[in-house]
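In: Let me see the structure of the following:
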Amino acid sequence: MDISLIAQKIFRRVLKGIFRFDHWHTSVLDERPYAVDIINYCNSRNSKDSILEIGCGLADILRRVDYKTKLGFDIDKKVLKGAAFLSTFSRKPKIKYQVFHFPETRLEALVDVIIMVNWIFFIEEDTLRKNIEKYFRENVKPGGAVIIDTLKDPHYPNHHNIYVLTANLQCKIHKIGNYARQREVWSIEKQAIVA
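Out: Next comes the predicted model:
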């Protein structure tokens with residue numbers, strides 16, 4: 001393990017001690033190749049006006065994407081305080097943070113990209129499918145996308161199928177990549193309006 005990675009992990013543990021968020025938020029970006037690929041995918045998109053992440057944690061993805069408006073939602077207000085602290089060191093546009101309870105909290109924003117990764121395996125398939133459909137139809141701009149991950153790891157309670165989750169949507173499905181623990185990251189893309 002290199003010195004930089006060790007320093008980052010120590011810093012995350014110090015933040016955990018200060019802000020008292022859960023331990024799983026202490027992993028650093030270099031330990032999550034899927035997150036790096038999501039950042040690259042989002043930054044390669046044509047329309048980069050607005051992005052939101054449900055379950056943003058410390059906002060490692062949001063801090064590194066080049067979008068004008070960035071919204072970070074999470075159920076844990078302690079991790080959002082940690083994310084806001086980390087964001088003070090960024091030169092990129094500021095992130096607006098909000099406590100969000102899935103599926104109860106209503107999304108109001110209309111954005112280019114919605115990210116929902118590293119937590120949806122705790123959500124029952126029918127609930128997840130209905131909410132992805134709702135967000136896709138009501139909160140994603142034409143030409144935009146919803147990014148999710150699916151897992152087949154037996155240690156997690158729900159193993160979603162991308163084709164079941166998108167069965168009722170007129171969309172293009174793009175696989176961003178395959179990762180450890182049988183994780184697959186997907187972009188559910190909405191057709192752009194052609195004038």
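
In: just for the chain, where's the confidence low?
Out: The model of the chain has pLDDT under 70 over residues 1, 194-195.

In: Name whatever forms a beta bridge with the residue nearest to the spatial centre of it.
Out: The chain has residue 115 as the residue nearest its centroid, 3.5 Å off, counting by C-alpha atoms, centre = their mean. With DSSP bridges as the criterion, residue 115 is bridged to residue 53, residue 147.

In: measure it to residue 35 for me?
Out: 10 Å (C-beta to C-beta, to the nearest Å). Glycine gets a C-beta too; all of them are placed from N, C-alpha and C.

In: what's the overlap in contacts for the two?
Out: Here residue 115 and residue 35 share the contacting residues residue 61, scored by C-beta atoms under 8 Å, 6 or more residues apart in numbering.

In: who are the neighbours in contact with residue 83?
Out: So residue 83 contacts 56-59, 72, 74, 95, 97 (C-beta under 8 Å, 6+ apart).

In: where do the strands sit along this structure?
Out: 50-54, 69-74, 95-99, 111-116, 140-150, 172-179, 183-189 (DSSP state E).

In: send the alpha carbons of the longest one over as PDB?
Out: Once side chains and other backbone atoms are set aside, the C-alpha atoms of strand 140-150 remain, and they are given as PDB (Å, rounded to 0.1, in the frame of the first residue of the first chain):
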ATOM      1  CA  VAL A 140     -34.100  13.200 -15.700                       C
ATOM      2  CA  LYS A 141     -33.800  15.600 -18.600                       C
ATOM      3  CA  PRO A 142     -34.000  14.200 -22.200                       C
ATOM      4  CA  GLY A 143     -30.600  12.900 -23.000                       C
ATOM      5  CA  GLY A 144     -29.900  12.300 -19.300                       C
ATOM      6  CA  ALA A 145     -29.300   9.100 -17.300                       C
ATOM      7  CA  VAL A 146     -29.800   7.300 -14.100                       C
ATOM      8  CA  ILE A 147     -26.600   5.400 -12.900                       C
ATOM      9  CA  ILE A 148     -27.100   2.300 -10.700                       C
ATOM     10  CA  ASP A 149     -25.100  -0.700  -9.700                       C
ATOM     11  CA  THR A 150     -26.200  -4.300  -9.400                       C
END
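
In: Much appreciated, bye for now.
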